[in-house]
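Engineer: any chance you can model this:
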Amino acid sequence: MRAYRKSSKFENFFLYMFVGALIGIFIFFMIYSAMGDAPPIVKVGYGILGFSIFLAFWIGTLEVFVKFRG
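Structural biologist: Reported below is the predicted structural model:
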């Protein structure tokens with residue numbers, strides 16, 4: 001039972017990373033298309049900024065989630 005819980009938590013971590021990456025890419029493209037006729041380098045810069053902020057929040061919430069679970 002103990003080994004099963006460990007493996008499921010590990011799988012959950014990868015699931016959260018996968019979902020986080022998908023949402024991050026979605027946010028990146030939302031920002032990229034919302035900038036309109038700004039230069040591509042500006043759009044990419046803001047997209048990466050938004051993605052990194054999202055990733056920081058995602059990893060923070062994931063750490064809290066793992067701490068509370070076990």
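Engineer: which residue is nearest the centroid of the chain?
Structural biologist: The centroid of the chain falls nearest to Gly20 when counting by CA atoms, centre = their mean (3.1 Å).
Engineer: just give me the neighbour total for Gly47.
Structural biologist: 21 (other CB atoms under 10 Å). All C-beta spots, glycine's among them, are computed from the backbone N, C-alpha and C.
Engineer: circling back: which helix or strand contains the residue nearest to the centre of the chain?
Structural biologist: helix 2-34 (DSSP states H and E).
Engineer: which SS state does the residue nearest to Ile25 when sequence neighbours are not counted fall under?
Structural biologist: Once flanking residues are discounted, Ile25 sits nearest to Phe51: 7.8 Å by CB to CB, 6 or more residues apart in numbering. Each residue gets one of three states, and Phe51 gets helix by DSSP: H, G, I helix; E, B strand; the rest coil.
Engineer: contacts only, for Phe51.
Structural biologist: 24-25, 27-28 (CB atoms under 8 Å, 6 or more residues apart in numbering).
Engineer: how far away is it from Ala38?
Structural biologist: Computed as CB to CB, to the nearest Å, the Phe51 to Ala38 distance reads 17 Å.
Engineer: circling back: so the residue nearest to the centre of the chain makes contact with Gly60?
Structural biologist: No. With contact defined as CB atoms under 8 Å, Gly20 does not reach Gly60; the gap is 11.3 Å.
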